[in-house]
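Peer 1: After the sequence you'll find the predicted model.
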Protein chains: 2
Amino acid sequence: MSDILIIGTVALDTIETPFGKVENALGGSATYASFAASFFSKPALISVVGNDFPREYIELLKKRNIDLDGLKIIGKTFHWEGFYEYDMNEAKTKKTELNSLEHFKVEVPERYKNIKYVFLANIDPEQQLETLRQMSKPDFVVIDTMNFWINNKKKALIDVIKKIDVLLLNDGEARQLFNTVNLVKAANEALNLGPKAVIIKKGEHGALLFTKNKHFSAPSYPLENIKDPTGCGDSFGGGFIGYLAKTNDLSERSFRKAIVYGSVVASHNAEDFSLNRLRDLTMNDIEKRYKEFQDIREF
Amino acid sequence: MSDILIIGTVALDTIETPFGKVENALGGSATYASFAASFFSKPALISVVGNDFPREYIELLKKRNIDLDGLKIIGKTFHWEGFYEYDMNEAKTKKTELNSLEHFKVEVPERYKNIKYVFLANIDPEQQLETLRQMSKPDFVVIDTMNFWINNKKKALIDVIKKIDVLLLNDGEARQLFNTVNLVKAANEALNLGPKAVIIKKGEHGALLFTKNKHFSAPSYPLENIKDPTGCGDSFGGGFIGYLAKTNDLSERSFRKAIVYGSVVASHNAEDFSLNRLRDLTMNDIEKRYKEFQDIREF
């Protein structure tokens, strides 16, 4: 039985960075998130791909014990084409072909409905809401999003945020959504909407956790060679909820550890294109880097 | 007897931020640095002001036991006028009147020459070099700089960096000076020039310490109300060397603590204009926030 439900996109990505290029590589928010979560727990995935989706990618996900019963196969796979400039801070979109994602409607398989941990990875907030409607009564819901939804479906997004436990977003999105440059103010505005915690992902600057009376600042990992940051936010979220589902401890203390585990997986992910680094990652690599994170923040 | 020599600017600042405005307020790199250092040690200052420099500012520095024998009084005080836009990330200069700073030549008073700790705060790198030439044999030299000198006196700046122990600079300057977006690469390039340590100040994102085989990431403090970031980098540097001079411990471990003390002073400084917050700051406030820094990075 799976212990985390993850809904999001599964994509074929064509990506160029200053360090190389991949075409039709495995990508998508649910892909990265479930792959990252699979190091700690058993994720079940809800998404859609097309008939062109390579068999080997399905096999790769299955090998990580990701339950794919919620993965529909219709038409042509969602395709994203983008690039990163020299500073690699922001993905620039060249082309988005929604394909089968365009008319995708969530249908939660019966045997997923009692899963207690839910990760609403980056996808249309209306589908995130619909997922919650179909679930029985999850214990713990985490949501991630992106600037596109803040621009185009802000009302639906705010509606989801009011129903969940932890909001993940990056610093630019936090500033945009709450209309302030100050991240502390943005986090407080977010907490006022109802979530127990807000996590602001800052890429190379680490991550911040805000709860009602406490604050945690997770260090970043000093990466000298970043090949492709695609999927780092999703991997972070997957590692975060994966660790929590494994321990079943939802204290603020446990959130802190989960954030560091999320950061560990994300930092590995940036070292290569697509899932190329994560597919070979071991729990040993993860625990080793977790200890490094402990050392680099010690004073 | 003073235990830190600090050379830099003493200025009258006219500054506007989204949260207010001050005219001819006390400022300058040596001012902030020596004020911050004075919480831990006894700084001696080398700089220049004009006959227009208000008596009350002199009194304010004297009350902190800052030795002002190295402060020349000639002509008119250096005046900087600048503003910060909404995001307060970067000071924009409206006007710079060098005045007596233009022809300022360092002359280290005889009784300063044996001081063991030296902070070459932000000023013309040729004056930083000249200071080192006149000193007997300092044990420990820290240098800070700014983009203006990277643009205009890069060769002299590199010459100073080759002679010192710790290089302080902010993230933008590190990227500019070493022509890379990657801060780990920039830090390694800096270490190759000779310093034992490089500290990269990242403002709201904390600070990074790079030494030969170790890395430290200091958290930032979650400030909800930042009134004026002017002098935060200088206060950081002053707090850093002040703590080291007090403990006389130059281990990497001690650097980490010194960075957090520097961050504590700098975070207070941002809470008000000019020296308005630091003039009322107590060691009690400092120790209290130091403990908060410990808590926010714990996992």
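Peer 2: Arrived safely, thanks for sending.
Peer 1: residues in contact with A:Asn24?
Peer 2: A:Leu12, A:Asp13, A:Thr14, A:Pro54, A:His79 (Cβ atoms under 8 Å, 6 or more residues apart in numbering or on different chains). Yep, even glycine has a C-beta here, placed from its N, CA and C like the rest.
Peer 1: Residue numbers of the stretch 51-200 of chain A in contact with chain B?
Peer 2: Selection of the stretch 51-200 of chain A residues close to chain B by Cβ under 8 Å from any Cβ of the partner chain yields A:Tyr86, A:Asp87, A:Met88, A:Val181, A:Asn182, A:Leu183, A:Val184, A:Lys185, A:Asn188.
Peer 1: run the last query once more with 7 Å
Peer 2: A:Tyr86, A:Asp87, A:Val181, A:Asn182, A:Val184, A:Lys185 (Cβ under 7 Å from any Cβ of the partner chain).
Peer 1: Make TSV out of the contacts of A:Asn24 and add neighbour count and pLDDT.
Peer 2: Output for those, formatted as TSV (neighbours: other Cβ atoms under 10 Å in any protein chain shown; pLDDT from 0 to 100):
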residue	neighbour count	pLDDT
A:Leu12	26	98
A:Asp13	23	98
A:Thr14	18	98
A:Pro54	13	98
A:His79	19	98
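Peer 1: farthest-separated two in the residues you listed?
Peer 2: Farthest-apart pair in the contacts of A:Asn24 is A:Thr14 and A:Pro54; separation 13.9 Å (Cβ to Cβ).
Peer 1: Low-confidence stretches in chain A?
Peer 2: For chain A, applying pLDDT under 70 flags no range at all.
Peer 1: centroid residue for it?
Peer 2: Closest residue to the average C-alpha location of chain A: A:Asp234 at 2.2 Å, with Cα atoms, centre = their mean.
Peer 1: got the CA positions of the helix or strand harbouring it in PDB?
Peer 2: Following DSSP states H and E, one finds A:Asp234 within helix A:232-247. Presented in PDB, the C-alpha positions along helix A:232-247 are these (Å, rounded to 0.1, in the frame of the first residue of the first chain):
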ATOM      1  CA  CYS A 232      14.900  20.700  -8.000                       C
ATOM      2  CA  GLY A 233      11.900  22.300  -6.400                       C
ATOM      3  CA  ASP A 234       9.800  19.200  -7.100                       C
ATOM      4  CA  SER A 235      12.500  16.900  -5.800                       C
ATOM      5  CA  PHE A 236      12.700  19.100  -2.700                       C
ATOM      6  CA  GLY A 237       9.000  18.700  -2.100                       C
ATOM      7  CA  GLY A 238       9.100  15.000  -2.800                       C
ATOM      8  CA  GLY A 239      12.000  14.400  -0.400                       C
ATOM      9  CA  PHE A 240      10.200  16.600   2.200                       C
ATOM     10  CA  ILE A 241       6.900  14.800   2.300                       C
ATOM     11  CA  GLY A 242       8.700  11.400   1.700                       C
ATOM     12  CA  TYR A 243      10.600  11.800   4.900                       C
ATOM     13  CA  LEU A 244       7.500  12.900   6.900                       C
ATOM     14  CA  ALA A 245       5.400  10.000   5.700                       C
ATOM     15  CA  LYS A 246       8.300   7.600   6.700                       C
ATOM     16  CA  THR A 247       8.600   9.000  10.200                       C
END
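Peer 1: of all the residues of the stretch 51-200 of chain A next to chain B, which comes closest to A:Thr247?
Peer 2: Nearest to A:Thr247 among those, counting by Cβ to Cβ, is A:Val184 at 28.2 Å.
Peer 1: Quick one: residues contacting the closest one.
Peer 2: By Cβ atoms under 7 Å, 6 or more residues apart in numbering or on different chains, the contact set of A:Val184 is B:Pro222, B:Leu223, B:Glu224.
Peer 1: Only whichever of those residues are buried, select them in ChimeraX.
Peer 2: In ChimeraX, selecting the buried portion of those, with burial taken from 16 or more other Cβ atoms under 10 Å in any protein chain shown, looks like this:
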select /B:222,223
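Peer 1: Just send the contacts of A:Val184 back as TSV, with distance to chain A too.
Peer 2: Formatted as TSV, the contacts of A:Val184 follow (distance: Cβ to the nearest Cβ, whole Å):
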residue	distance to chain A
B:Pro222	5
B:Leu223	7
B:Glu224	4
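Peer 1: Looking at the contacts of A:Val184, which one is closest to B:Leu71?
Peer 2: B:Leu223 (31.6 Å).
Peer 1: Mind checking what secondary structure A:Phe148 has?
Peer 2: helix (DSSP: H, G, I helix; E, B strand; the rest coil).
Peer 1: separation between it and chain B?
Peer 2: As judged by Cβ to the nearest Cβ, to the nearest Å, A:Phe148 and chain B stand 22 Å apart.
Peer 1: Check A:Lys42 too.
Peer 2: Counting by Cβ to the nearest Cβ, the gap from A:Lys42 to chain B is 25 Å.
Peer 1: Quick check: closest non-adjacent residue to that residue.
Peer 2: Once flanking residues are discounted, A:Lys42 sits nearest to A:Ser2: 4.6 Å by Cβ to Cβ, 6 or more residues apart in numbering or on different chains.
Peer 1: Wait, a helix at the one you found?
Peer 2: No: if the criterion is three-state DSSP, then A:Ser2 is coil and not within a helix.
Peer 1: need the contact list for it.
Peer 2: By Cβ under 7 Å, 6+ apart, the contact list for A:Ser2 reads A:Lys42, A:Pro43, A:Ala44, A:Asp67, A:Ile115.
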